[in-house]
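Asks: Generate coordinates for the sequence data below:
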Amino acid sequence: MNAAICEVIWFLGLVAWYVIRYPFERRAKKVSVTKSVYDRRDRSLLALAFVAMFIVPLLYVLTGFPRPLDRPVISAIAGLGVATLGAALWLFYRSHADLGRNWSISLEIRKDHRLITTGVYQLIRHPMYSSFFLLALAQILLLPNWLAGACGLVAIGALYGFRVSQEEQMMLEFFGTEYRYYVSHTKRLIPWIL
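Replies: Model (predicted):
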């Protein structure tokens, strides 16, 4: 596998990511929001993630910048990147499908919001973040450039670090004991581990 094939696979993964999200985003917009903590910090974190997961890698793919940070393509690593990308996209789809109309890009409670504890949410509380971490890992494995590859992982780490406790606090305030019980029986990102 060469760098061009890895870059095409990465790009097709981004297209698939958008194709997965689009119908859920359209449906979710039809359900009114009753509480939102979407603020400047949240917008900034989402913008950082967008730049690191899409703009910087796309700039690298289109221009080769910054070429001094390139690394050799190793087929086994690229193959692992393809598998990781597939897992990321599957988990991304599953988390959207399981959430249904409860999904939102920011921290929001929607009308008739209910706590989802089935599907992938039966095993982990934040599968969408898990899918983002997998997507960032696939980016590292597929793009043979240290900056273009790793910047996504840094941005997703920041997004997760600043948002997850606020998101869990909002869920605890809204669902109370039901959410507390759910937290005691699930992990945040990796089933049975973390």
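Asks: who's in contact with the nearest residue to residue 170 once chain neighbours are set aside?
Replies: Excluding its sequence neighbours, the residue lying closest to residue 170 (Cβ to Cβ, 6 or more residues apart in numbering) is residue 107, at 5.8 Å. Placement of C-beta: from N, CA and C, glycine included. Applying Cβ atoms under 8 Å, 6 or more residues apart in numbering to residue 107 gives the contacts 36, 37, 38, 42, 163, 166, 167, 170.
Asks: Can you tell me the SS state at residue 178?
Replies: Using DSSP: H, G, I helix; E, B strand; the rest coil, the secondary structure recorded for residue 178 is helix.
Asks: for the residue nearest the centre of the chain, what are its contacts?
Replies: With distances taken as Cα atoms, centre = their mean, the residue of the chain nearest its centroid is residue 132 (2.4 Å). In this structure, residue 132 makes contact with 49, 53, 88, 92, 156, 159, 160, judged by Cβ under 8 Å, 6+ apart.
Asks: The fourth one reaches residue 128, doesn't it?
Replies: Yes - shown here, residue 92 and residue 128 form a contact pair, counting by Cβ atoms under 8 Å, at 6.8 Å.
Asks: Looking at the two, which one has more neighbours?
Replies: Higher neighbour count among residue 92 and residue 128: residue 92, with 21 against 18, using other Cβ atoms under 10 Å.
Asks: For that one, pull up the helix or strand it's in.
Replies: Assigned by DSSP states H and E, residue 92 falls within helix 75-99.
Asks: After that helix, heading C-terminal, what element do we hit next?
Replies: strand 108-110.
Asks: what's the longest helix in this protein?
Replies: Criterion DSSP state H: the longest helix present in the chain is helix 146-175.
Asks: Flag every buried residue along that one.
Replies: By neighbour count on 16 or more other Cβ atoms under 10 Å, the buried set for helix 146-175 is 147-153, 155-156, 159-160, 163-164, 167, 170-171, 175.
Asks: Can you name the two of the contacts of residue 107 that sit furthest apart?
Replies: Greatest spatial distance among the contacts of residue 107 (Cβ to Cβ): 36 and 163, at 13.2 Å.
Asks: Give me the distance between residue 147 and residue 178.
Replies: 44 Å (Cβ to Cβ, to the nearest Å).
Asks: got the contact list for residue 75?
Replies: Neighbour list for residue 75: residue 1 [criterion: Cβ under 8 Å, 6+ apart].
Asks: Need the three-state assignment for the residue of the chain positioned farthest from its centre.
Replies: Distance from the C-alpha centroid of the chain, by Cα atoms, centre = their mean, peaks at residue 68 (28.4 Å). When classified by three-state DSSP, residue 68 comes out as helix.
Asks: Now do it, the pLDDT please.
Replies: Residue 68 is assigned a predicted lDDT (pLDDT) of 94.
Asks: cool, and residue 28?
Replies: 83.
Asks: Could you double-check that residue 168 sits in contact with residue 129?
Replies: No - contact status for residue 168 versus residue 129: not in contact, 11.4 Å apart, counting by Cβ under 8 Å.
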